[in-house]
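> sharing a model prediction with you, sequence too.
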Amino acid sequence: MKIQGKTFVVTGGGSGMGKELVLQLLARGAQVAAVDIRQETLDALSAEAKAGTRLSTHVANIADRKRVEALVQEVLDHHKVVDGLLNNAGIIQPFVPVKDLDYDVIERVINVNLYGTIYMTKAFLPHLLERPEAHLLNVSSMGGFMPFPGQSIYGATKAGVKLLTEGLYAELIETKVGVSVVMPGAVGTNITKNSGVGGPTQESAGNARMTSAEDAAKIMLNGIEKNRLHIFVGSDAKATNWMIRIAPKRAINFIQKQMKKLLG
């Protein structure tokens, strides 16, 4: 799918990978509806982008189904059509085992990561199906296929996003809607801070190799243009995918030891 001249909706568009996706889509000649839960990040995005009417911003909690349903008309009122949906928004959990997680934390992670992706997809998919060509991209994680201690609920939601997206690919294979699922490894964003949790950050990770948000967005958009089903972001995502397929138990033991070192 060619990006130039198309209209895309990007969730989590105010910061991190979402912000880079918005800026790079605009640079490639697209129109963008940027969705974020924070007005201040959207205001900063608008000031930086200087894209005029090619960019619209929308404050919305994607875990609120009624708000998502209302969002559709807001986007259509501004842009008239929607050619692409990039479900990028997501949060992590506190770096603690499941036994120590409160139910409200568990429900928040599930609501944002899984239900938010479902709500956005259900709301916008009918409009994607009306277009001559369109694309749906959902961001999962390498945590969606490789278990990370202290992120078990997060991983479960991202595994759900992965299988959901693969199911959508199968359902839409005879339509003009392309489908991609993204498995990022460690990306240099503020997801820990934005999720309201403590834990490893880019600084505390030390020598761990991270993909920049800019490079991650470029890989994702190139994947859309090449209509790839699976898009791996970072050498760590590619390596863990290989490890879990070749020697699952050994791979899990290795990750457990690495996380124990990182978390102290």
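Yep, it's here. Quantities reported herein were computed from a predicted structural model and do not represent experimental measurements.
> residues making contact with the helix or strand containing S180?
Using DSSP states H and E, the element containing S180 is strand 177-184. The contact list for strand 177-184 (Cβ atoms under 8 Å, 6 or more residues apart in numbering) reads 1, 17, 125, 128-129, 131, 133-142, 144-145, 161-162, 165-166, 168-169, 172, 211, 216, 220, 223-224, 227-234, 237, 241. Glycine gets a C-beta too; all of them are placed from N, C-alpha and C.
> hmm, which of these are the buried ones?
When neighbours are counted using 16 or more other Cβ atoms under 10 Å, the contacts of strand 177-184 contain these buried positions: 1, 17, 125, 128, 131, 134-142, 144-145, 161-162, 165-166, 168-169, 172, 211, 216, 220, 223-224, 228, 231-234, 237, 241.
> so of those residues, which ones are in strands?
A134, H135, L136, L137, N138, V139, T211, I231, F232, V233 (DSSP state E).
> of these, which is the nearest to Y154?
Proximity to Y154 was ranked across these by Cβ to Cβ; first place goes to V139, at 12.6 Å.
> contact partners for that closest one?
For V139, the contact set (Cβ under 8 Å, 6+ apart) comprises M17, L86, N87, N88, G90, V161, V181, V182, P184, M220.
> out of those, who's nearest Q24?
The nearest one, if we look at those relative to Q24 and count by Cβ to Cβ, is M220, at 8.8 Å.
> quick one, what contacts that closest one?
Listed by Cβ under 8 Å, 6+ apart, the contact set of M220 reads M17, L21, L86, L137, V139, S180, V182, I231, V233.
> thinking again about what came up before, which is the next helix or strand following the strand holding S180?
Using DSSP H and E, the helix or strand that directly follows strand 177-184 along the chain is strand 187-188.
> which elements pack onto that following strand?
Strand 187-188 is packed against strand 211-212, helix 213-225, with contacts defined by 3 or more Cβ pairs under 8 Å, 6 or more residues apart in numbering; DSSP states H and E.
> which strands and helices sit next to the shortest one?
Right, strand 211-212. Using 3+ Cβ pairs under 8 Å, 6+ apart, strand 211-212 is in contact with strand 187-188.
> what lines up beside the strand it packs on in the sheet?
strand 211-212 (parallel) (DSSP bridges).
> any chance you could map the helices in the stretch 101-250 of the chain?
In the stretch 101-250 of the chain, the helices defined using DSSP state H, counting those that start in this stretch lie at 103-110, 116-128, 152-172, 191-194, 213-225, 235-246, 248-263.
> just the angle for the third one relative to strand 134-139, thanks.
Right, the one you point to is helix 152-172. Counting by axes from the mean of the first three to the mean of the last three Cα atoms, to 10 degrees, helix 152-172 points 160 degrees away from the direction of strand 134-139.
> can you show me the CA trace of helix 152-172 as PDB?
What follows is helix 152-172, C-alpha atoms only, in PDB (Å, rounded to 0.1, in the frame of the first residue of the first chain):
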ATOM      1  CA  SER A 152       3.100 -11.700  32.400                       C
ATOM      2  CA  ILE A 153      -0.200  -9.800  32.100                       C
ATOM      3  CA  TYR A 154       1.300  -7.300  29.600                       C
ATOM      4  CA  GLY A 155       2.700 -10.300  27.600                       C
ATOM      5  CA  ALA A 156      -0.700 -12.000  27.700                       C
ATOM      6  CA  THR A 157      -2.400  -8.900  26.200                       C
ATOM      7  CA  LYS A 158       0.200  -8.600  23.500                       C
ATOM      8  CA  ALA A 159      -0.100 -12.300  22.700                       C
ATOM      9  CA  GLY A 160      -3.800 -11.700  22.300                       C
ATOM     10  CA  VAL A 161      -3.100  -8.700  20.000                       C
ATOM     11  CA  LYS A 162      -0.800 -10.900  17.900                       C
ATOM     12  CA  LEU A 163      -3.300 -13.800  17.500                       C
ATOM     13  CA  LEU A 164      -6.100 -11.300  16.900                       C
ATOM     14  CA  THR A 165      -4.200  -9.600  14.100                       C
ATOM     15  CA  GLU A 166      -3.300 -12.900  12.500                       C
ATOM     16  CA  GLY A 167      -7.000 -13.900  12.700                       C
ATOM     17  CA  LEU A 168      -7.900 -10.600  11.000                       C
ATOM     18  CA  TYR A 169      -5.400 -11.300   8.300                       C
ATOM     19  CA  ALA A 170      -7.100 -14.600   7.600                       C
ATOM     20  CA  GLU A 171     -10.500 -13.000   7.600                       C
ATOM     21  CA  LEU A 172      -9.500 -10.100   5.300                       C
END
